[in-house]
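>>> need a structure here:
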Amino acid sequence: MLVLKTVALFILTALAEIVGCYLPFVWLRQHGSPWLLVPAALSLSLFAWLLTLHPAAAGRVYAAYGGVYIAVALVWLWRVDGVSLTRWDITGAAVALFGMSIIVWGGWRA
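Reported below is the predicted structural model:
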């Protein structure tokens with residue numbers, strides 16, 4: 001159960017960070033409304049708060065989070081931006097998630 005909770009929390013954290021960065025991109029590059037900066041700031045605040053919910057040491061959480069972020073960012077690329085993923089994208093995400101699992105597993109055992 002702890003593994004599922006941790007993974008879900010990492011995914012929510014990644015989505016909050018991506019949305020917080022994507023909305024200013026839309027404002028600047030796609031001439032969106034400056035009001036997009038309000039939900040962007042809220043989303044980045046949510047991102048920072050979600051990182052504090054993990055029970056492990058902050059450095060370990062950030063390191064493990066990086067692997068999940070890569071995978072979620074690629075899903076965003078595929079589903080939101082409509083870009084097809086390559087086998088290299090998928091392989092890279094798998095390697096990152098494998099590395100993340102080593103960090104998380106080792107952290108729980110330490």
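
>>> low-scoring stretches of this protein, by residue?
Scanning the chain for pLDDT under 70 picks out 1, 107-110.

>>> quick one: the helices in it?
Secondary structure of the chain (DSSP state H): helices at 2-29, 37-51, 58-79, 87-109.

>>> how near is the residue nearest to the spatial centre of the chain to Ser33?
Central residue of the chain (Cα atoms, centre = their mean): Ala14, 2.1 Å from the mean position. For Ala14, the distance to Ser33 (Cβ to Cβ, to the nearest Å) stands at 25 Å. From N, CA and C alone the C-beta is placed, and that goes for glycine too.

>>> cool, and Ser101?
40 Å.

>>> more neighbours, the two?
Relative neighbour count places Ser101 above the other of Ser101 and Ser33, with 14 against 10, counting by other Cβ atoms under 10 Å.

>>> show me what contacts the more buried one?
Counting by Cβ atoms under 8 Å, 6 or more residues apart in numbering, Ser101 makes contact with Gly67.

>>> same deal with Ala93?
Contact partners of Ala93, counting by Cβ under 8 Å, 6+ apart, are Ile70, Ala71, Leu74.

>>> Assess the claim that the first one and Phe98 are in contact.
No - with contact taken as Cβ atoms under 8 Å, Ile70 and Phe98 are classed as non-touching, separated by 11.3 Å.

>>> returning to what we had before: mind checking how far the residue nearest to the centre of the chain is from Thr91?
19 Å.

>>> again with Ile70
Counting by Cβ to Cβ - Ile70 and Thr91 are separated by 11 Å.
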